[in-house]
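>>> Structure of the sequence below:
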Amino acid sequence: MAKISSQDLGTQPITKLLIKQAVPASIGILVMSLNILVDTIFVGNWIGSIAIAAINVVLPVSFFIAALGMSIGIGGSSIISRALGSKNREKALKTFGNQITLTILLTITLVVLGLCFKDSIILSFGGKGNIFEPARIYYTIVLYGVPFLALCMMGNTVIRAEGKPKFAMYAMMIPSVTNLLLDYIFINVLDYGMEGAAWATSISYIICFAFILWFFLSKNSELKINFSHFGLSPSLVSEISSLGFVTLARQAVVSITYLFMNNILFDLGGEVSVTSYAIVGRMLMFAMFPVLGLTQGFLPIAGFNYGAQNYTRVRETINIAIKYAMIMATFVFILLMLFPEEITRMFTSDMEIISKTPSDMRWVFAATPIIAIQLIGAAYFQAIGKATPALILTLLRQGLFFIPLILILPKFYGELGVWVSFPISDVLSTIVTAYFLNREVKLNLIAKDGA
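Below is the predicted model of the structure:
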């Protein structure tokens, strides 16, 4: 594999560079999403449809804790990309050391608290009726592996900030492949049920962590830190936190969304509706992988060139990223509109769920073609270190629009009100993001570039 320098982010053609960054990220997200997708298919067919709902209850809790690692990773990586762009290597090293310290301290604390209050947490997130016991089993075991997942998510963003997208891709592929193999062994061969599904997930996180640790200790990484870099710097912690809070807030809102959705749907349609949402949720994670991968590839390019004050390249990156993201999102939209029933049948043979889920899925993905503008727009502000607009735009879709809609519309339209809230919030958030992104480009990038 040819060596890739972080300085390439400021010199190579944007289209070529975006593809080089986005394709590995997309493949990594694809494999990770396939892992979640196939894992759900295995659980649904080998354990039962209730197990799908149980995992859906646990995911927002475990992912929120793991998202601490991602938020620290993205917040710090924005600093690292700009520091490398401005030739400030020592700041990049100190930032990375602080990221590691913060991730370990915060995630372990939350895991301990999560285990102490697990029953009340599971019930709060919709683990009611027959869903409770399998959710409790899965939750307890998966939380043991969550600190390793958080370190993986943090390390992965730093690897990408260095301009090493292929290694970041490998880091995402390893736990996915491992989890599927262990799923087959623990669930299908050894018949361990929910315990097997949970242990397969936790062990895969540990193996991923081992790979990322190897990367940073090997000659592949440019970031060679020492013990002095682990000491927390108040200024860096503040900067990491302000930028990383955008990602953490987004995941917090996602977790709150799951809390409301699981409880509202359980009250309106029982376990069938919760299971339908779990299937649609898996498709949300899986189907958008090319757009999310492109967004991940966009971040270091925009951040590096902004740090290097090359504003023409920043504008070019925004335009190309939005164009390609919209093309891919439209392709996803067409597939999901045409084949929702076939997709549902992969997860379960329960005819009640099969008859209900396709309609729900069509509503959820109805505005998919335009969502690329919202994702790239919010990512841009995060990449250049403007935490406040990044936070606001990131929270627009689910926090400011979606959650109020699912609390209001079901009172008038029942369960249909829940599903139509998805496209309405997509459209509203995209309009607002497009306005602020266009304003930022005109007032800052064009003005600074003298264009």
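>>> from here on, contacts and neighbour counts on C-alpha atoms
OK.
>>> Need the residues that contact stretch 327-337.
By C-alpha atoms under 8 Å, 6 or more residues apart in numbering, the residues outside stretch 327-337 that reach it are 287-288, 290-291, 361-362, 365-366, 368-372.
>>> for stretch 233-249, same thing?
Among residues not part of stretch 233-249, those counted as contacts by C-alpha under 8 Å, 6+ apart are 64, 67-68, 70-76, 78-79, 95, 98-99, 382, 385-387, 390-391, 394-395.
>>> count of residues packed around the closest residue to residue 300 other than its chain neighbours?
Once its chain neighbours are removed from consideration, residue 300 has its nearest residue in residue 161; the separation is 5.4 Å (C-alpha to C-alpha, 6 or more residues apart in numbering). Under the neighbour criterion other C-alpha atoms under 10 Å, residue 161 is assigned a count of 31.
>>> thought residue 161 was touching residue 81?
Yes - with contact taken as C-alpha atoms under 8 Å, residue 161 and residue 81 are classed as touching, separated by 5.5 Å.
>>> For the two, list the residues in contact with both.
Common neighbours of residue 161 and residue 81, counting by C-alpha under 8 Å, 6+ apart, are residue 300.
>>> re earlier: closest to residue 232 out of the contacts of stretch 327-337?
The shortest distance between residue 232 and any of the contacts of stretch 327-337, using C-alpha to C-alpha, involves residue 291 and amounts to 34.6 Å.
>>> name the helices or strands packed onto whichever strand or helix holds that closest one?
Using DSSP states H and E, the secondary-structure element containing residue 291 is helix 289-307. Applying 3 or more C-alpha pairs under 8 Å, 6 or more residues apart in numbering; DSSP states H and E, we find helix 289-307 packed against helix 14-46, helix 49-85, helix 132-161, helix 311-338, helix 371-383.
>>> angle of that helix against helix 371-383?
Orientation of helix 289-307 against helix 371-383 (axes from the mean of the first three to the mean of the last three C-alpha atoms, to 10 degrees) gives an angle of 30 degrees.
>>> Give me the mean pLDDT for helix 289-307.
Per-residue pLDDT values across helix 289-307 average out to 84.
>>> before we move on, what about stretch 380-389?
Averaging pLDDT along stretch 380-389 yields 82.
>>> Can you tell me what sits against it?
Under the criterion C-alpha under 8 Å, 6+ apart, residues 75, 78-79, 82, 242-243, 246, 299-300, 302-303, 306-307, 318, 378, 390 lie in contact with stretch 380-389.
>>> Relative to residue 417, which of these is nearest.
Comparing every one of these with residue 417 (C-alpha to C-alpha), the shortest separation belongs to residue 378, at 26.8 Å.
>>> OK, contacts around the closest one?
Contacts for residue 378 (C-alpha under 8 Å, 6+ apart) come out as 389-391, 393-394, 433.
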